[in-house]
Structures are given as C-alpha cells and as structure tokens.
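[1] predicted structure and sequence below. I'll ask about it afterward.
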Amino acid sequence: MIFILVGLIFLALGVMGMYVWWWFLVEIIKGLISLSLTVFGLLFMVTGARRLLNGPRDSEEKDD
C-alpha cells in the first residue's frame, strides 16, 4: 500500500514539474535530437568507410 501512495505522490510531482518546466523539457529534447543525429551520422560514416576499405566479402553481400 505504501508503494502505491509513494508512486502517486511521485507521479503528481512529476506531472506538476512537467507543467511548470515544460520549456526546459523542450530544450532537453532538442539537445537530445541533435546529439543523436550527430552520433548516428558518425556511426554511418565509420561504417561506410570500413566497407569501402574492406571491399566486398563475397558476391552475395555486394550492395550497389
């Protein structure tokens, strides 16, 4: 029973915090989106460079 009460209190505080500080959450989401785009861009560049340097392994795996 105590866990349900504590959960409800935390839930209420979290919703209230999101309502009061919504602009801060938007800034965090914007930052996370740009950070993830940068990381995925680097990941794709490294993967592409490794494929170029290694060459095709066999005829079945050949891409364009």
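    Structure received.

[2] and stretch 3-17, average pLDDT?
    The average of the pLDDT scores along stretch 3-17 is 95.

[3] how close does K30 get to S36?
    Using Cβ to Cβ, to the nearest Å, K30 is found at 11 Å from S36. Quick note: C-beta positions are derived from backbone N, CA and C, even for glycine.

[4] biggest helix in the protein by residues?
    Ordering each helix of the chain by length in residues (DSSP state H) puts helix 22-54 first.

[5] who touches the helix or strand harbouring M16?
    Using DSSP states H and E, M16 sits within helix 2-20. With contact meaning Cβ atoms under 8 Å, 6 or more residues apart in numbering, helix 2-20 is reached by L25.

[6] mind checking how far it is from the chain centre?
    Averaging C-alpha positions (Cα atoms, centre = their mean, to the nearest Å) puts helix 2-20 25 Å from its chain's average.

[7] next: stretch 15-30.
    17 Å.

[8] okay, that stretch in CSV with CA atoms only?
    Listed next in CSV are the C-alpha coordinates belonging to stretch 15-30 (Å, rounded to 0.1, in the frame of the first residue of the first chain):
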residue,chain,number,x,y,z
VAL,A,15,3.3,15.9,-13.8
MET,A,16,3.4,19.2,-11.9
GLY,A,17,7.1,19.6,-12.7
MET,A,18,6.5,18.9,-16.4
TYR,A,19,3.7,21.5,-16.4
VAL,A,20,5.8,24.2,-14.7
TRP,A,21,9.1,23.5,-16.5
TRP,A,22,7.8,22.5,-20.0
TRP,A,23,10.3,24.8,-21.7
PHE,A,24,13.2,23.0,-20.1
LEU,A,25,11.9,19.7,-21.3
VAL,A,26,11.7,21.1,-24.8
GLU,A,27,15.3,22.3,-24.7
ILE,A,28,16.4,18.8,-23.5
ILE,A,29,14.5,17.1,-26.3
LYS,A,30,16.1,19.5,-28.9
